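S.K.: Generate coordinates for the sequence data below:
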Amino acid sequence: MRPEVVVVGSANVDLVLPVQRIPRPGETVLAGVMSRGPGGKGANQAVASARAGARTAMVVAVGADDGGALLRDALGGSGVDLSLATTSDAPTGTAIITVEESGENSIVVAPGANGELTLSADALAAIGQAKIVLSQLEIPFSTVRAAAEASMYFILNAAPAADLSDELLAEVDLLVVNETEAEAIGGPDRSALLKKVPAAIVTLGGEGAVILTRDADEIAVSGVPVEVVDTTAAGDTFCGVLAAALASVLPAASANDSITGSDLTNAVRRANVAASLSVQAAGAISSVPHGDAIDARYAEVYL
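M.R.: Okay, the predicted model is just below:
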């Protein structure tokens, strides 16, 4: 059965180091016990979409190593279709993550196989048939742009922050960024993003998110207060659940005018709830909530 959401993105083995605080430049700090698990922005988002209930496939490259096997098991075990996954001669991507006691983190990524990701004819066909295509910036920009050009509705999570070409942004239907990423693209005035894309969501951490569209006033969606354990994958959970929620309102792959302002607001609310659940657990994929947990918390917060 054809996927509703196709995620074109990265997959990494996460090496997580718990620290009292993230080190300053030139400083050495001691960490607690290191953990190793599956992650990467694309993989996290694909799992979030699948666990939220959308038929989800991932276009991804991993190495022929134990890290690649770890990621295939984690993605497949979460219901992500891996028929479009490829094995690279390069090693599987690796992320080193320091997580301080407050839950804040700092991440360094070695792309490895992610840097080799290209789109096959089968991948392009699946992308063209999907309701929603979601990508990020831990893979080559040329691959992101090729995915955008082949999509009916393309969501770009422009992370990590980067200075993006107008040609790439012209292919984006919905941009998802945090405040740092928004400034990298549009400058200090976030409304300037609408000169480059038709719609954008700026995430504000625990304060929620802001929806920007060209045909309506700015909409603020409040956050969900929780006790934070680990913010790793919170933004990715937001994006994956957002994509799944938007896919659920489209009857088939179709033009983006099928998504209304209320659809977008409701999708952001679900994404907010999912992100708030993810920060209450440690790890990346391990922290991504399932659909029943999202439904229950959504009803408590918004209904």
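S.K.: contacts and neighbour counts: CA atoms only from here.
M.R.: OK.
S.K.: where in this structure is pLDDT low?
M.R.: 252-258 (pLDDT under 70).
S.K.: mind listing the strands for it?
M.R.: Here the chain has its strands, by DSSP state E, at 5-8, 12-19, 35-39, 56-59, 61-63, 86-88, 93-100, 105-110, 132-135, 154-157, 174-178, 199-203, 208-213, 216-222.
S.K.: Nearest approach to Leu117 belongs to which of those?
M.R.: strand 61-63 (5.6 Å; C-alpha to C-alpha).
S.K.: Just give the strands next to the closest one in its sheet, each with its orientation.
M.R.: When pairing is defined by DSSP bridges, strand 61-63 lines up against strand 86-88 (parallel).
S.K.: How far away from the center of its chain is the strand it pairs with?
M.R.: The chain centre lies 21 Å from the centre of strand 86-88; the measure is C-alpha atoms, centre = their mean, to the nearest Å.
S.K.: same check, this time on stretch 86-100
M.R.: Chain-centre distance of stretch 86-100: 16 Å, with C-alpha atoms, centre = their mean.
S.K.: swap in stretch 11-31?
M.R.: With C-alpha atoms, centre = their mean, you get 22 Å for stretch 11-31.
S.K.: and what of stretch 293-303?
M.R.: Relative to its chain's centre, stretch 293-303 lies at 21 Å (C-alpha atoms, centre = their mean).
S.K.: List the buried residues for that stretch?
M.R.: When burial is assessed from 16 or more other C-alpha atoms under 10 Å, stretch 293-303 yields the following buried residues: Ile294, Arg297, Tyr298.
S.K.: What sits closest to Arg72 if chain neighbours are left out?
M.R.: Distance criterion C-alpha to C-alpha, 6 or more residues apart in numbering; nearest residue to Arg72, sequence neighbours excluded, is Leu82 at 7.6 Å.
S.K.: what number of residues lie near the one you found?
M.R.: Per other C-alpha atoms under 10 Å, the neighbour tally for Leu82 reads 15.
S.K.: Redo the strands of the chain as a markdown table? Include mean neighbour count and distance to Ala148.
M.R.: Formatted as a markdown table, these follow (neighbours: other C-alpha atoms under 10 Å; distance: least, C-alpha to C-alpha, whole Å):
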| stretch | mean neighbour count | distance to Ala148 |
| --- | --- | --- |
| strand 5-8 | 31 | 10 |
| strand 12-19 | 23 | 22 |
| strand 35-39 | 20 | 23 |
| strand 56-59 | 30 | 13 |
| strand 61-63 | 27 | 18 |
| strand 86-88 | 19 | 20 |
| strand 93-100 | 22 | 23 |
| strand 105-110 | 15 | 24 |
| strand 132-135 | 29 | 8 |
| strand 154-157 | 25 | 6 |
| strand 174-178 | 22 | 11 |
| strand 199-203 | 23 | 15 |
| strand 208-213 | 21 | 19 |
| strand 216-222 | 13 | 24 |
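S.K.: Filter the buried residues of stretch 293-303 down to just the ones in helices.
M.R.: Residues from these lying in helices, with DSSP state H as the criterion: Ile294, Arg297, Tyr298.
S.K.: wait, what's in contact with the second one?
M.R.: Going by C-alpha atoms under 8 Å, 6 or more residues apart in numbering, Arg297 touches Val273.
S.K.: returning to what we had before: between the strands of the chain, which gets nearest to Ser276?
M.R.: Ser276 lies closest, by C-alpha to C-alpha, to one member of these: strand 208-213, at 9.5 Å.
S.K.: Mind giving me the packing neighbours of that closest one?
M.R.: strand 199-203, strand 216-222, helix 261-278 (3 or more C-alpha pairs under 8 Å, 6 or more residues apart in numbering; DSSP states H and E).
S.K.: Paired strands for that strand, with orientation please.
M.R.: strand 199-203 (antiparallel), strand 216-222 (antiparallel).
S.K.: Distance to Ala245 added to those, as TSV?
M.R.: Converted to TSV, the strands paired with strand 208-213 look like this (distance: least, C-alpha to C-alpha, whole Å):
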stretch	distance to Ala245
strand 199-203	14
strand 216-222	16
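S.K.: isn't Leu250 right up against Asp263?
M.R.: No. If you go by C-alpha atoms under 8 Å, Leu250 and Asp263 don't touch, sitting 10.0 Å apart.
S.K.: for the buried residues of stretch 293-303, which one is nearest Phe141?
M.R.: Among the buried residues of stretch 293-303, and counting by C-alpha to C-alpha, the member closest to Phe141 is Ile294, at 32.2 Å.
S.K.: Now that closest one: closest residue in space that isn't a chain neighbour?
M.R.: Nearest non-adjacent residue to Ile294 (C-alpha to C-alpha, 6+ apart): Ala274, at 5.7 Å.
S.K.: Fine by me, thanks again.
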